[in-house]
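1. okay, structure incoming, though there's no sequence with it:
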Ligand code: F6P
């Protein structure tokens, strides 16, 4: 191939810029030209008044000074319209009119679905995994996960200080709609007492009792890491909790982190506070690990296109860069029971 595109799509992840940089530099070094598509798949729909709002010709200087920056200079968006076949076909026609023979799509699950669609309509697409959720099972790590993990660890260090000072339990809610990886890794790295994740059924009453046991056994502070999607696997139903804790005013079926904390406090008899880390996990300068992963996977994806290979997702396994068919890249779960169980073992609470 002689001319390719590159885009970042879906939730941003620290290291996306480093991946774009690697794509551009590898392409130019190998005699290919590169077009940067803006705002994810929206740029390929070419609806802006000025074309430079949709795409730009990249040169070596376009990616100078961005390897250390969070966010994405190409910008990102979620493009729900892109699920429609006629929109996908239009995007392929637009890309071909720009002379593109292939494209590197940097993002998570949704991005890979878009890439698969482009590929099926005749534009060679390769996926580079970038999401703080680490929820793509074919790869051990996704770009952005390590940075988000370190952000969460730093937050827990601070929570430990205040929790120790007040002898409180702290709930920290981290991102991960359907995937508990970030919560489990944070819990392991911080010596938290528990990770509450969507993949494992759990009981809020038992959690409160566990906190109580920990306090009785002499724990000064307790750290509980919640994945944002954890309620999906909670054993109790909200109606019953409402009846059991009338003073807590549980009005909605979706419990907030503060309500989880109130219930834990009511059961354990121990002061409990909640913190939601939110979008701070998505920003920030990428860690060295994320920059290196982004550089390796971005360069590898570009080499695939250079060799006229599309329809692949690039990842890492045993520190080797690998590629798998795009259509298999979205299957399965990343949940690792060993990791999860280790939180329970090392966050030891005497029964
Ligand atoms: O996909 C990454 C993620 O960070 C999820 O953990 C989270 O639920 C979601 O993005 C929120 O994304 P947004 O609000 O930007 O659509």
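-> Thanks, I have the structure now. Just so it is clear, the model here is predicted, and its values are computed rather than measured. Numbering: from 1, shown residues only.
2. does the top helix by length along the chain come close to the ligand?
-> Determined from DSSP state H, the single longest helix within the chain is helix 145-166. No - with Cβ under 6 Å from any ligand atom as the measure, helix 145-166 is seen stopping short of the ligand, the closest distance being 8.2 Å. Heads up, the C-betas are built off the backbone N, CA and C, glycines and all.
3. relative to helix 145-166, how tilted is the helix or strand following that helix?
-> Note on helix 145-166: by DSSP states H and E, the next helix or strand toward the C-terminus is strand 169-174. With axes from the mean of the first three to the mean of the last three Cα atoms, to 10 degrees applied, the angle from strand 169-174 to helix 145-166 works out at 160 degrees.
4. which SSE is immediately downstream of strand 169-174?
-> Taking DSSP H and E, what comes next after strand 169-174 is helix 181-190.
5. can you give me the buried ones in that next one?
-> Under the neighbour-count criterion of 16 or more other Cβ atoms under 10 Å, helix 181-190 has 181-188, 190 buried.
6. what residues does the stretch 51-200 of the chain have near the ligand?
-> Near the ligand, when you scan the stretch 51-200 of the chain using Cβ under 6 Å from any ligand atom, you find 78, 108, 131-133, 175-177.
7. how much space between the most far-flung residue of the chain relative to its centre and the ligand?
-> Distance from the centre of the chain peaks at residue 216, with 36.7 Å (Cα atoms, centre = their mean). Residue 216 is 35 Å from the ligand, where distance means Cβ to the nearest ligand atom, to the nearest Å.
8. for residue 321, pull up the helix or strand it's in.
-> Going by DSSP H and E, residue 321 is in strand 320-325.
9. which other helices and strands does that strand contact?
-> Packing contacts for strand 320-325, counted by 3 or more Cβ pairs under 8 Å, 6 or more residues apart in numbering; DSSP states H and E, involve helix 288-306, strand 312-317.
10. dump those into JSON lines; add distance to residue 72, mean pLDDT and mean neighbour count as well.
-> Below are the helices and strands packed on strand 320-325 laid out as JSON lines (distance: least, Cβ to Cβ, whole Å; pLDDT from 0 to 100; neighbours: other Cβ atoms under 10 Å):
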{"stretch": "helix 288-306", "distance to residue 72": "11", "mean pLDDT": "98", "mean neighbour count": "23"}
{"stretch": "strand 312-317", "distance to residue 72": "18", "mean pLDDT": "98", "mean neighbour count": "22"}
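11. of the buried residues of helix 181-190, which pair is most distant in space?
-> 181 and 190 (14.7 Å; Cβ to Cβ).
12. tell me the buried residues in the longest helix of the chain?
-> 145-152, 155-156, 159-160, 163.
13. surely residue 275 touches residue 159?
-> Yes - if you go by Cβ atoms under 8 Å, residue 275 and residue 159 touch, sitting 6.4 Å apart.
14. who touches both of the two?
-> Counting by Cβ atoms under 8 Å, 6 or more residues apart in numbering, the shared contacts of residue 275 and residue 159 are 170, 172.
15. now list the buried members of the residues of the stretch 51-200 of the chain next to the ligand.
-> 78, 108, 131-133, 175-176.
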